[in-house]
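K.L.:
Kindly return the folded structure for what I paste below:
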Amino acid sequence: MIDTTGTPENLTAQSLYIEPYKITKIHITPTINQNGILEKDENNNNLMSKINVGDVKIDSVLGITTDYLLIYTTDKDKYMLINSTSSNTSYKMIWNKQLMYKIGAKTLYNQTLHSDYTITIPNNYSLFVLYINNLRVKESELSVSGQTITLSQKLRNKLDLVYNTVNMVVYKTDQTITTPIELHYLSVKEFFNSTTFRDESYFTNNNIREHINYESLKYDEEITNETSGNERRKEIIRTNMIPKLTLSYFVGENFTDFGNELLGKVFRIIINHPNTKTMEIYPNCEITSGYKKDYAKEKNTVEVEIQCDGRYEIQFSTQPQLTNRPYNSGTYNNGIYG
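P.N.:
Here you go, the predicted structure:
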């Protein structure tokens, strides 16, 4: 679907599409995502895909009213407990790691550390992670036999002689799914399809508008360093990359002011270059500065600044190749590049 008929001046051989994100379901049932792994959403998008919708978060969950749903990555580095009453479900999708889950999870506080340096796991539950004095215990520092956790000698030597706070995250050993669960996140109909994206039928079939009144799109990666220390001696603790877009387009009697329509929404921008057989996808976009309007005799121009999660560059050949991937979570070291 095109905004309007007509051909503006200086039209180049490229098409720009803006696709709004919509609430999308991830089902967990006895037959869908049933093995403790989140593999696909309701649109059959692969949740491990290298081309995805960016650093979006899980908005809500349905079907968990007692205990919690534990979501985590395979290395257990990042996890979150959520249920249907959670006010904070800010767990962000992790695209470069397998996303796992456990049902019937909960946190147990102020557990007893016995004199023989053992801790008891409740019957019918299994240990996910253990904290002592608010520090996460490494798996190499403990052993589990049945319902008993035994601390290593190395860890015992670090403990306070009088008082230690013990908390643990556990989940039900029996992971049989009896009640359907729904996770909701912002996504699109299809992450990518080499055939329908290249011939643009995906956009036509899904009523995704082509914006022929855009003039330019500038992509910029702003690099910032997080430091610690004083002015004389600073240490860089993390390098952040903030991807930004500047989109310029003209408006008038026959052309839509689409930037104004996108305020407060999440979307992705797709640019197809048929002559060079390439495509660019900018995921998880949000307008960050409202928009600037420039009035002139020839035409009125609008410019908006957009923050996104990086850029995909796709080369269409016999087998489409992904030549540039976005940084995940806004950092060099933690992202797909690193």
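
K.L.:
Would you confirm that Tyr109 contacts Asn167?
P.N.:
Yes. The pair Tyr109 and Asn167 qualifies as a contact (Cβ atoms under 8 Å) at a distance of 5.0 Å. C-beta here means a position set from N, CA and C on the backbone, and glycine is covered the same way.

K.L.:
Spatially central residue in the chain, please.
P.N.:
Asp55 (2.8 Å; Cα atoms, centre = their mean).

K.L.:
Please identify which helix or strand holds the nearest residue to that one once chain neighbours are set aside.
P.N.:
Leaving out its chain neighbours, the residue that sits closest to Asp55 by Cβ to Cβ, 6 or more residues apart in numbering is Asp309, at 4.9 Å. Using DSSP states H and E, Asp309 maps to neither a helix nor a strand.

K.L.:
And Phe192, by the same measure?
P.N.:
Phe192 belongs to no helix or strand, assigned by DSSP H and E.

K.L.:
Could you pull up the contacting residues of it?
P.N.:
Contact analysis of Phe192 by Cβ atoms under 8 Å, 6 or more residues apart in numbering lists 49, 51, 281, 314.

K.L.:
Which PyMOL command selects the buried ones in those?
P.N.:
To isolate in PyMOL the members of these that are buried, counting by 16 or more other Cβ atoms under 10 Å, one can use:
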select buried, resi 51+281+314
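
K.L.:
Quickly name whichever of the contacts of Phe192 is closest to Lys154.
P.N.:
Set against Lys154, the nearest of the contacts of Phe192 by Cβ to Cβ is Ser49 (41.0 Å).

K.L.:
per-residue pLDDT, that closest one?
P.N.:
The model reports Ser49 with a pLDDT of 88.

K.L.:
Check Arg268 too.
P.N.:
96.

K.L.:
Near it, how many other residues are there?
P.N.:
23 (other Cβ atoms under 10 Å).

K.L.:
Looks like it contacts Asn52 (just checking).
P.N.:
No. Contact criterion Cβ under 8 Å: Arg268 and Asn52 do not qualify, at 10.1 Å.

K.L.:
list residues touching both of these two?
P.N.:
Pro283.

K.L.:
The residue nearest to Thr165 when sequence neighbours are not counted and Lys76, how far apart?
P.N.:
Nearest non-adjacent residue to Thr165, counting by Cβ to Cβ, 6+ apart: Asn133, 5.4 Å away. Separation of Asn133 from Lys76 (Cβ to Cβ, to the nearest Å): 20 Å.

K.L.:
for Pro283, same thing?
P.N.:
Taking Cβ to Cβ, one finds Pro283 at 26 Å from Lys76.

K.L.:
Looking at those two, which one has more neighbours?
P.N.:
Legend: neighbour count by other Cβ under 10 Å for Pro283 and Lys76, higher for Pro283 (28 against 13).

K.L.:
which stretches of the stretch 51-200 of the chain form helices?
P.N.:
153-156, 194-198 (DSSP state H, counting those that start in this stretch).

K.L.:
Out of those helices, which one sits most buried?
P.N.:
Of all the helices of the stretch 51-200 of the chain, helix 194-198 has the most neighbours on average by mean count of other Cβ atoms under 10 Å, namely a mean of 15.
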